[in-house]
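S.K.: Quick one, what's the 3D model for this:
(chains A and B)
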Amino acid sequence: DAGVTQSPTHLIKTRGQHVTLRCSPISGHKSVSWYQQVLGQGPQFIFQYYEKEERGRGNFPDRFSARQFPNYSSELNVNALLLGDSALYLCASSIREYNEQFFGPGTRLTVL
Amino acid sequence: DQQVKQNSPSLSVQEGRISILNCDYTNSMFDYFLWYKKYPAEGPTFLISISSIKDKNEDGRFTVFLNKSAKHLSLHIVPSQPGDSAVYFCAATTGRRALTFGSGTRLQVQP
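M.R.: A predicted model of the protein is given here:
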């Protein structure tokens, strides 16, 4: 069975650019959450979506947005990239919003 | 403000011995706690969890203890194996939604 998949694996952008990260949940999972992990820290919650609706949002600026599609895959968008946005972006899926979360391998974003 | 803290960035133990990883939290609304293990280039993998109504949960070599009055939890690994070498994250949640993670402890099990 395929786990959570994320694309791309690595990404290099420059300041001010826009980036889109993609996540495909485990089959049958209807909830997707996004986390940002800066080097040396634990993952920090960004968004949670369930059945295409936003169910939670962490303390991130409006430059960060996300959406969930009818097939339950999800995109995380970040506008006007800053150097501080360089991090590992993790996607996690769960059957429903209250269930155990399974993480993907992450997308490593480097902003130059 | 760090609501979940792992004060030991690293821990080294001998194979076969006990590994004890500690975690403290400040938010009394947390009602569910989890431990994740993370290898390089992989996402965190769920290890074990405990509800706030319990004080202990066991799963094979892994046991999590929760002390609500002290707002402290710990993960015991007995016996430790070289394959356990990884970064361990403590996480907490209210209503099993968004996870709040600690900064992680790197465990090295020496053969």
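S.K.: and chain A, which of its residues are near chain B?
M.R.: Within chain A, the residues that sit near chain B (C-beta under 8 Å from any C-beta of the partner chain) are A:4, A:33, A:35, A:40-45, A:48, A:55-56, A:58, A:90, A:92, A:97-106. Just so you know, the C-beta spots here come from the backbone N, C-alpha and C atoms, and that holds for glycine as well.
S.K.: so where do the helices sit in chain B?
M.R.: For chain B, no helices turn up when DSSP state H is the criterion.
S.K.: and it, which residues reach chain A?
M.R.: B:4, B:6, B:36, B:41-46, B:49, B:89, B:91, B:95-104.
S.K.: Might you report the residue contacts of residue 4?
M.R.: Looking at chain A here, since you left the chain open. Taking C-beta atoms under 8 Å, 6 or more residues apart in numbering or on different chains, we find A:Val4 in contact with A:Cys23, A:Ser24, A:Pro25, A:Ile26, A:Cys91, A:Ala92, A:Ser93, A:Phe102, A:Phe103, A:Gly104, B:Gly43.
S.K.: Hmm, no, I was thinking of chain B.
M.R.: B:Val4 touches A:Gly42, B:Cys23, B:Asp24, B:Tyr25, B:Thr26, B:Cys90, B:Ala91, B:Ala92, B:Thr100, B:Phe101, B:Gly102, counting by C-beta under 8 Å, 6+ apart.
S.K.: If it is in a bridge, with which residues?
M.R.: B:Tyr25 (DSSP bridges).
S.K.: neighbours of B:Glu15, just the number please.
M.R.: Residues lying near B:Glu15 (other C-beta atoms under 10 Å in any protein chain shown) number 14.
S.K.: Skipping adjacent residues, who's closest to it in space?
M.R.: B:Pro111 (5.2 Å; C-beta to C-beta, 6 or more residues apart in numbering or on different chains).
S.K.: What pLDDT is listed against A:Asn99?
M.R.: pLDDT, A:Asn99: 76.
S.K.: wait, it sits on A:Ser33?
M.R.: No - A:Asn99 lies out of contact with A:Ser33 (C-beta atoms under 8 Å); the separation is 11.1 Å.
S.K.: neighbour count winner among the two?
M.R.: A:Ser33 (29 against 13).
S.K.: Contact partners for the residue nearest the centre of chain A?
M.R.: Nearest to the mean C-alpha position of chain A, by C-alpha atoms, centre = their mean, lies A:Trp34 at 3.4 Å. When contacts are counted by C-beta under 8 Å, 6+ apart, A:Trp34 touches A:Cys23, A:Phe45, A:Ile46, A:Phe47, A:Gln48, A:Ala66, A:Ser74, A:Leu76, A:Tyr89, A:Leu90, A:Cys91, A:Ala92.
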